[in-house]
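[1] Quick one: sequence and predicted model below, then my questions.
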Amino acid sequence: METAMLRRRAFAAGAATVAVGALALAGLTGVASAGQTDGAAPATADRLSPGLVEAMKRDLGLDADEARARIAGEYRAAAVAAALERSLGADFAGARLSEDAAVVTVATTDRADVPRITAAGARAEVVGHSLDRLEAAKAALDEVALDNAPRDVPSWYVDVRTNRLVVNAARTAAADRLLTAAGVARDLVRIDRSAERPRAYADLRGGDAYYMNGSGRCSIGFPVKRGTQNGFVTAGHCGTPGVTTTGVNQQSQGSFQGSTFPGRDYAWVATNANWTPRALVNGYGKGDVTVAGSTQAVVGSSVCRSGSTTGWHCGTIQQHNSSVTYPEGTISGVTRTSVCAEPGDSGGSFISGSQAQGVTSGGSGNCSQGGTTYYQPVNPALAAYGLTLVTSGTPTDPPTDPTDPPTEPGGTWAAGTTYAAGAVVTYGGASYRCLQGHRAQSGWQPPNVPALWQRI
């Protein structure tokens, strides 16, 4: 009991530390508070769903106040990390939260960057390899594995905690063959022995069940729109283009329009007029979670999953941009987590606070003994198919009373639009370049959120 209490106190204190540190970085309060100007915690952190709070209590040992404090701190940590990544450029070597969420650490290859990092309220760490260099090495492994999925090498990823490319392998010789084929320098790599046998979680609202061709079952990721067409994103291994779907009520629902698997693991289903998209994730009797956006959370952040087999479960983000080998082939660009999942949860929602993170892909273990689960990040899926995430700011029904929209200073930026990194918009007579993929919300106009937009 005493240990659990100390752990909870550490989480709460850690969130507060991250929040204070983030405010030290000029210009970040806009993204942290989604339009607030007083530096308070994001409004969405104050309105966490009961289901998400209960899952965080069960899986992370946090009470409601501690969960809200942690989410608020994680939002601000994401803003700090994004701003420093832009500022440090090629020196940047990754960012992470400590296990108790007390500290956000930003790594660099140049000791001269340390004052800039600490001034932003983060802990600085000087390392030998930049994130760009490690991710280039990982990309070389991905390319080799794309055509020939390696046996006995279940996964690999860049670990920002140890500043290494980690290769998990049942046999060291199998990892050696993969590294040799990819031409990756060994000083970048750590080989870990692993008995994992990952597989896709396909058995046969976000989180709601749906059925493929009336038989196999997966879970909805997030409702989306493509122009006026409604639909949802899910896992690519759940179906191929043309496969029809029925909903949780066993009524006709729609069909797969696009699907990628292996390589990536995303797909989208267009639904018929009987289905109305809502900015919600199924809380499985504990209150639905409202989706407000899709800003990527930092390594170490809490993340929760909704799926039609096991409902709500939470854990933390371990590594972004991981690669994992299933029997069907290698999947790259997925995020590795400590959340459990089971067959039928595939395609279901991963969410951090109110921010959509991705759709369940696969993993190892189960929710009785625990395990590792990977999710396909949602923003690349949206970009691949030209989709817009349905959020709390998306109109899904006509307004009951006509109102005059607020006057904007003009330009191509628009709330409700999903922007990919590198996209250029105009606003108020100036041009801005997108720094990280996100879905624009009211209050997130380019001048207000320098962590998301850079004036050019």
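    Yes, it's here. Numbering: from 1, shown residues only.

[2] Near residue 128, how many other residues are there?
    12 (other C-beta atoms under 10 Å). Where you see a C-beta, it was placed from the backbone N, CA and C, and this is true even at glycine.

[3] Touching, it and residue 109? I think so.
    Yes: using C-beta atoms under 8 Å, residue 128 makes contact with residue 109 at a distance of 6.9 Å.

[4] where does this protein have its least confident helix or strand?
    helix 29-33 (a mean of 27; mean pLDDT, DSSP states H and E).

[5] need the contact list for residue 209.
    217-220, 247-248, 308, 344 (C-beta atoms under 8 Å, 6 or more residues apart in numbering).

[6] no no, residue 411
    425-429.

[7] Can you name the residues bridging to it?
    residue 427 (DSSP bridges).

[8] Find the centremost residue of this structure, please.
    residue 357 (2.8 Å; C-alpha atoms, centre = their mean).

[9] and it, what element?
    In the assignment (DSSP states H and E), residue 357 maps to strand 355-366.

[10] Tell me the buried residues in that strand?
    Residues 355-365 are the ones in strand 355-366 that count as buried (16 or more other C-beta atoms under 10 Å).

[11] part of a helix, is residue 176?
    Yes: checked against DSSP: H, G, I helix; E, B strand; the rest coil, residue 176 lies within a helix.

[12] Please enumerate the strands of the stretch 101-250 of the chain.
    104-108, 123-126, 155-159, 164-169, 189-193, 199-200, 209-212, 216-219, 222-226, 229-234, 244-246 (DSSP state E, counting those that start in this stretch).

[13] Tell me the strands beside the first one, with direction?
    Right, strand 104-108. Strand 104-108 has these strand partners (DSSP bridges): strand 92-97 (antiparallel), strand 123-126 (parallel).

[14] Quick check: mean pLDDT of the shortest one?
    Meaning strand 123-126. On average, the pLDDT along strand 123-126 is 97.

[15] Stretch 224-233 too?
    Rounded mean pLDDT across stretch 224-233 is 94.

[16] Could you work out the end-to-end span of it for me?
    By C-alpha to C-alpha, to the nearest Å, the extent of stretch 224-233 from end to end equals 7 Å.

[17] Return the set of buried residues in it.
    224-226, 230-233.

[18] dump the residue contacts of the residue nearest to residue 93 when sequence neighbours are not counted.
    Spatial nearest neighbour of residue 93, excluding adjacent residues (C-beta to C-beta, 6 or more residues apart in numbering): residue 107 at 3.7 Å. If you count contacts by C-beta under 8 Å, 6+ apart, residue 107 has them with 92-95, 124-127, 131, 160, 163.

[19] likewise residue 257?
    Contacts of residue 257 (C-beta under 8 Å, 6+ apart): 231, 241, 268-270, 385.

[20] Report the inter-axis angle for the strand holding residue 357 versus strand 222-226.
    130 degrees (axes from the mean of the first three to the mean of the last three C-alpha atoms, to 10 degrees).
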